[in-house]
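In: below: sequence and its predicted model.
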Amino acid sequence: MAERRPSAPALVWAGVAALMGLAALALHRLDPTLIDWQPALATREPWRAWSAVFVHYSGLHLAANLAGAVLVGALGAVARVPARSLAAWLAAWPLTQFGLALQPALLHYGGLSGVLHAGVAVVVVHLLCHGNPRQRRIGIAMFAGLALKVASESPWGAPLRHPPGWDIAVAPLAHASGALAGALCAGVAEALHRRSVLR
């Protein structure tokens with residue numbers, strides 16, 4: 001039974017997801033322009049690459065991302081991600097927002113969804129690199145699902161979309177940027193790990 005328990009880094013992963021959600025909940029009433037991502041302020045106020053995840057433009061937006069934070073936190077815990085995966089996710093956090101520079105028309109951005117997509121990508125890389133055959137199959141299915149979701153949102157198109165049922169505009173590039181940042185950071189972390197093991 002002990003082997004099935006989440007590792008210490010996996011528990012920290014779940015804690016980070018929980019803290020992101022709690023901070024977003026606590027800051028929900030704050031004026032978004034004080035901490036959201038604004039490319040025009042990227043060099044003067046780079047800290048916004050971290051604080052933007054706490055901004056939510058409606059109650060529905062917040063609720064959806066809180067649910068996502070619970071799922072991604074549980075995903076990392078169940079997958080028993082190691083410390084390098086946690087480090088990769090934390091590194092992908094600001095890179096997700098910096099990736100939005102590819103869409104100059106996106107003047108403001110806030111929300112957890114980009115960083116949550118990064119977390120899913122990090123877990124996928126971990127499962128593909130270190131999972132048993134069943135876990136690798138799950139990783140392949142997750143990769144396919146993530147890739148299809150991101151592609152279906154046309155992140156290369158308009159900066160904002162208005163999906164049915166949502167009371168805010170959605171920035172598809174944030175999801176793509178997060179997934180790519182997560183996969184890239186996890187790939188680098190795995191390469192560094194393998195290099196250290198081979199020494």
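Out: Perfect, thanks for sending it.

In: show me what the longest helix along the chain is packed against.
Out: Using DSSP state H, we find that the single longest helix of the chain is helix 172-198. In terms of contacts (3 or more C-beta pairs under 8 Å, 6 or more residues apart in numbering; DSSP states H and E), helix 172-198 is packed against helix 83-98, helix 113-130, helix 133-152. In short, each C-beta sits where N, CA and C put it, glycine included.

In: what's the shortest one in contact with?
Out: Yep, that's helix 83-98 we're talking about. The list of residues contacting helix 83-98 from outside it, by C-beta atoms under 8 Å, 6 or more residues apart in numbering, reads 9-10, 12-13, 16, 37, 42, 46, 48-50, 52-53, 76, 109, 114-115, 117-119, 121-123, 125-126, 174, 177-178, 181-182, 184-186, 188-190, 192-193.

In: out of those, which are buried?
Out: By neighbour count, with 16 or more other C-beta atoms under 10 Å, those hold 9-10, 12-13, 16, 37, 48-49, 52-53, 76, 109, 114-115, 117-119, 121-123, 125-126, 174, 177-178, 181-182, 184-186, 189-190, 193 as buried.

In: quick check, central residue of this protein?
Out: Compute the mean C-alpha point of the chain, and by C-alpha atoms, centre = their mean the closest residue is V115, 2.2 Å away.

In: that one and A42, how far apart?
Out: As for V115, its distance to A42 is 17 Å (criterion: C-beta to C-beta, to the nearest Å).

In: pLDDT weak spots in the chain?
Out: Counting by pLDDT under 70, the chain has low-confidence residues at 1-4, 199.

In: that older thread, save the helices and strands packed on helix 172-198 as JSON lines, and put in distance to L27 too.
Out: Formatted as JSON lines, the helices and strands packed on helix 172-198 follow (distance: least, C-beta to C-beta, whole Å):
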{"stretch": "helix 83-98", "distance to L27": "16"}
{"stretch": "helix 113-130", "distance to L27": "15"}
{"stretch": "helix 133-152", "distance to L27": "27"}
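
In: most tightly packed of those helices?
Out: Scoring the helices and strands packed on helix 172-198 by mean neighbour count under mean count of other C-beta atoms under 10 Å gives helix 113-130 as the most buried, with a mean of 26.

In: give the other helices and strands that the one helix or strand S51 maps to contacts.
Out: Secondary-structure assignment from DSSP states H and E places S51 in helix 48-51. Packing partners of helix 48-51 (3+ C-beta pairs under 8 Å, 6+ apart): helix 83-98.

In: returning to what we had before: how distant is the helix holding S51 from the center of its chain?
Out: 13 Å (C-alpha atoms, centre = their mean, to the nearest Å).

In: put the alpha carbons of it into CSV.
Out: This file holds the C-alpha atoms of helix 48-51, laid out as CSV (Å, rounded to 0.1, in the frame of the first residue of the first chain):
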residue,chain,number,x,y,z
ARG,A,48,2.5,39.9,-13.8
ALA,A,49,3.5,36.6,-15.6
TRP,A,50,2.9,35.0,-12.2
SER,A,51,0.1,37.1,-10.8
